[in-house]
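S.K.: Pasting a predicted model and its sequence here:
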Amino acid sequence: MDPTEQAASNQLTDDIEQNFLTQFSSMVTTDKEELIQQFQSIGENVNYTTANFFLDMTNWNLQAAVGCYFDYMAQNRQPSMRLLNDLTVGKGEKITPNTAIKLTWLLQNNGDVAWPNGTYVSLRQIPNVVAENISLSYEDLKYYVPSVLPNDTVTVSVQLVSPSTVGLFETVWSIFTPSGISFGDNITSRIEVSLDGTMAVTQQFSHLQTSPIIDLTSEPNASEPNQPDDNEMWG
């Protein structure tokens, strides 16, 4: 084949390749929306932007894009929490000023990973009104919770003191990782501080009901040795 024929052949090959690439590019462009829809159907609530990002990163290879996405999610999963119920004794009642309060909530791990050891509940929003002569430092309130597995629940109680002034006392709590990163629902507590509040009495009465009762009227167990009777004690 002479040089002229060789050049013509090369030109024809280049034209065919260019035409093929153009057609392929057009086909890919046409199918991008379908690929994005297929990517979004993996059941992880993937939005359009995320699907487009991973597909574009992998040159629109759907299988590779999905694999990269799940690898990324596995490395970046964060714990999660949902507030199921407010179990605070006396919920809805008023509290007297300068009075200890115990708040109790039922929390659920509604995420895919267990809560790490060292997870704690603490104030997210420090109250504006701080009562005088209170030894508690709101900034130091941390209540550690156990490592809770996905879908399991835990009951968490926190304690603080109501302010000295009457009015609405609002606190906002969150759950934090050991490194101090909050996650899950915020927990808002609103209690009215009033001179005629009954919440403290209700909580104290509930505590007495659930505490073990010691029967002071029962007779000593005769089978136990070294138990002095009244004559031995008083002569």
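M.R.: That came through fine.
S.K.: Which SSE is immediately downstream of the one helix or strand Lys102 maps to?
M.R.: In this assignment (DSSP states H and E), Lys102 forms part of strand 100-108. Downstream of strand 100-108, the next assigned helix or strand under DSSP H and E is strand 120-125.
S.K.: how does this structure divide up, domain by domain?
M.R.: Split into domains by the TED database, the chain comes to 24-73, 81-210.
S.K.: Next, the buried residues of stretch 178-196.
M.R.: The neighbour-count check on stretch 178-196 (16 or more other CB atoms under 10 Å) flags Gly184, Asp185, Ile187, Ser189, Ile191, Val193, Ser194 as buried. Yep, even glycine has a C-beta here, placed from its N, CA and C like the rest.
S.K.: what pLDDT, on average, does stretch 175-187 get?
M.R.: Taken as a whole, stretch 175-187 has an average pLDDT of 89.
S.K.: thinking again about what came up before, list the ones among the buried residues of stretch 178-196 that fall in strands.
M.R.: Secondary structure from DSSP state E places Gly184, Asp185, Ile187, Ser189, Ile191, Val193 of these in strands.
S.K.: Could you dump those into JSON lines with distance to Met199 added?
M.R.: What follows is those, written out as JSON lines (distance: CB to CB, whole Å):
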{"residue": "Gly184", "distance to Met199": "26"}
{"residue": "Asp185", "distance to Met199": "23"}
{"residue": "Ile187", "distance to Met199": "18"}
{"residue": "Ser189", "distance to Met199": "12"}
{"residue": "Ile191", "distance to Met199": "7"}
{"residue": "Val193", "distance to Met199": "10"}
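S.K.: nearest to Asn151, of those residues?
M.R.: Gly184 (13.9 Å; CB to CB).
S.K.: Looks like that closest one contacts Arg82 (just checking).
M.R.: Yes: here Gly184 reaches Arg82: they are 6.4 Å apart, a contact under CB atoms under 8 Å.
S.K.: which residues do the two both contact?
M.R.: Residues touching both Gly184 and Arg82 by CB atoms under 8 Å, 6 or more residues apart in numbering: Leu107, Asn110.
S.K.: picking up where we left off before, what's the angle from the strand holding Lys102 to strand 120-125?
M.R.: 110 degrees (axes from the mean of the first three to the mean of the last three CA atoms, to 10 degrees).
S.K.: Starting from strand 100-108, tell me which strands it pairs with and how they run.
M.R.: Looking at strand 100-108 with DSSP bridges, its partner strands are strand 82-86 (antiparallel), strand 153-161 (antiparallel).
S.K.: Could you list the residues in contact with it?
M.R.: With CB under 8 Å, 6+ apart as the test, strand 100-108 has contacts from 81-89, 95, 145, 148, 151-162, 173, 175, 184, 187, 189, 191, 199-200, 203.
S.K.: which among those end up buried?
M.R.: 81, 83, 88-89, 95, 145, 148, 154, 156, 158, 160-162, 173, 175, 184, 187, 189, 191, 199-200, 203.
S.K.: lowest-confidence stretch among the domains of the chain?
M.R.: domain 24-73 (a mean of 77).
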